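Peer 1: got a sequence here, can you model it:
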Amino acid sequence: TWHFRFMLWVVCHLPLFLVEFCTAVVCFFFWLGAAPVRARSKIYLKHLRNAGVRVGVFGTYKHILSFALSMMEKMLGWKGAIKLNRIESQNDDLQMLVNHLNQGQGAFLLCSHLGNMEMLRSLTEYGEFHTDKRFQVYPVIDLSGSKKFNALLRELNPDLMETVIDANSIDVDSAIWMKDKIAEGNLVVIAGDRTSENTRNRVMETTFLGETASFPEGAFTLAGVLNAPVYFVFAIRKHDFNIRSSYEMHVVRAKTSLDCLRKDRPVRLKELLREYTEILESLCKKHPYQWYNFYNFWDGV
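Peer 2: Model (predicted):
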């Protein structure tokens, strides 16, 4: 875990332009020796090229560098170094969500591995709210794959895991608990674009970047179970390789209603997935290096 420790030291002690420089150098040597990661990045970038996106020379290196910078960015967030005034709204449905929260009504947010999905949680942890009424963010996370990095973040903020829900242990009781938290005016958040080893056989298929891809059924099924207002939320650096950059916060209210008969639920969930992937695809095309899914997303479909 020395490299995680080094990252923590760099973030805590160096100016941000030096953080970026050190990250770029370390990433170059990692890139040289990480053939499997390069191969998976190349598959994603190939799909982008086929979709008409211009990906430059050393695209896999840029993709890996952007990911490393996002880890630094998460540390900055959990240090309290990212403020609300660096977030730029996009003339979308943010105000609708704010109104919901101000009225004491919660919501279910579908985020992704595009950009910084920790942004909302780290901002609220340091009292940075865009609302009049305070609320809590409850993220649903697969804790099995990121234990070392989560332990490092916990050093920066000991209360980090207090509100986390383990995606691998969701049952009827935890679903009821989440529903209660939303009813109290809070947010439950889950990424809709990552299948885990435990859920490879529970997926929903849709076209993504020109080819059929598998998305996790559980994230969308949970939206149906909780039956709360659904929003798609993305926080993305405006400049891919600059952690001093401002951020685009995209908030889009789902048009698909999940308040329906059980027999209609599968069709509605498929419609919700289609809405989600259309937005995700458009933002991946705009910020191609900020989608951090380093595995063959189209494999086995």
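
Peer 1: which helices and strands does the lowest-mean-pLDDT helix or strand in the chain pack with?
Peer 2: The element with the least model confidence among the helices and strands of the chain, by mean pLDDT, DSSP states H and E, is helix 147-156, at a mean of 74. Helix 147-156 sits against helix 2-13, helix 59-79, with contacts defined as 3 or more Cβ pairs under 8 Å, 6 or more residues apart in numbering; DSSP states H and E. Glycine gets a C-beta too; all of them are placed from N, C-alpha and C.

Peer 1: which residues touch residue 209?
Peer 2: Contact partners of residue 209, counting by Cβ atoms under 8 Å, 6 or more residues apart in numbering, are 44, 47-48, 50-51, 281, 284.

Peer 1: which residues of this protein fall in strands?
Peer 2: Taking DSSP state E to define them, one finds strands in the chain at 87-89, 107-111, 137-141, 165-166, 187-191, 203-208, 211-216, 230-237, 247-253.

Peer 1: please compute how far the fourth one lies from its chain's middle.
Peer 2: Strand 165-166 sits 15 Å away from the centroid of its parent chain (Cα atoms, centre = their mean, to the nearest Å).

Peer 1: what packs against that strand?
Peer 2: For strand 165-166, the elements it packs on are strand 137-141, judged by 3+ Cβ pairs under 8 Å, 6+ apart.

Peer 1: pull up the pairing partners for the strand it packs on, direction included.
Peer 2: strand 165-166 (parallel), strand 187-191 (parallel) (DSSP bridges).

Peer 1: and for the closest residue in space to residue 244 that isn't next to it in sequence, the neighbour number?
Peer 2: The spatially closest residue to residue 244, leaving aside those adjacent along the chain, is residue 16, at 5.1 Å (Cβ to Cβ, 6 or more residues apart in numbering). Summarising burial for residue 16: neighbours were counted as other Cβ atoms under 10 Å, giving 14.

Peer 1: so where's the stretch 51-200 of the chain shaky on pLDDT?
Peer 2: Of all residues in the stretch 51-200 of the chain, those with pLDDT under 70 make up the ranges 145-146, 196-200.

Peer 1: switch the cut-off to 80
Peer 2: Within the stretch 51-200 of the chain, the stretches falling below the threshold (pLDDT under 80) are 125-126, 143-161, 195-200.

Peer 1: so how far is residue 96 from the closest residue to residue 235 other than its chain neighbours?
Peer 2: The shortest distance from residue 235 to any residue other than its chain neighbours is 3.8 Å, reached at residue 119 (Cβ to Cβ, 6+ apart). The gap separating residue 119 from residue 96 is 19 Å, by Cβ to Cβ, to the nearest Å.
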